[in-house]
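A.B. asks: what's the 3D shape of this:
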Amino acid sequence: MKKIYEFICKKEIRIAQCALGILSLLVFAAAVGRFFILSLNWAMDAATFLFAWTVFLGADAAMRLDRLFCIEVITGKLSQKAQLYLKVINYMIIIIFLLGMIGYGLWLSYTTRLRTFQGIPGFSYTWVTLSVPFGCALMLITAI
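C.D. replies: Residues are numbered from 1 along each chain as shown. Just a heads-up that it's a prediction; the model follows:
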């Protein structure tokens, strides 16, 4: 099970990296295209899709690697026991929040199933909103 999780984690980081790279290229290409009066409407929709997935996959990777933003000015002055209690309380709040986001994200994915991108006909907006419950589920596993 541990090897499967490590494999998933490596693929998650790789997908997020590739999505960010493609996202950057699409936005750049759309900007250059606008300069030459060439409309790439689909590029912004594809960039929106990639951005949503990059954010949630990257957030899980950052959480797993303990790279999230934190301020230790006050907590660093607490005793080890107090820091542990504070960390447990913090993770409980995070878990409750992630459970809510999974539920809301699934509901949002269901309600957007008929919405399509303007620039990409036949591509449901649900694929963007599925990044919320999927990414939050991965973060929930990391938090637990």
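A.B. asks: next, name the residue at the spatial heart of this structure.
C.D. replies: By CA atoms, centre = their mean, the chain has its centre lying nearest to residue 56, at 0.7 Å.
A.B. asks: not counting its neighbours along the chain, what's nearest it?
C.D. replies: residue 135 (2.3 Å; CB to CB, 6 or more residues apart in numbering). From N, CA and C alone the C-beta is placed, and that goes for glycine too.
A.B. asks: identify the residues contacting the one you found.
C.D. replies: With CB atoms under 8 Å, 6 or more residues apart in numbering as the criterion, the residues that contact residue 135 are 53, 55-57, 59-60.
A.B. asks: tell me the one of these nearest residue 69?
C.D. replies: Of all those, residue 69 sits closest to residue 59, with 11.1 Å by CB to CB.
A.B. asks: hmm, that closest one is touching residue 143, no?
C.D. replies: No: at 11.3 Å, residue 59 does not count as touching residue 143 under the criterion of CB atoms under 8 Å.
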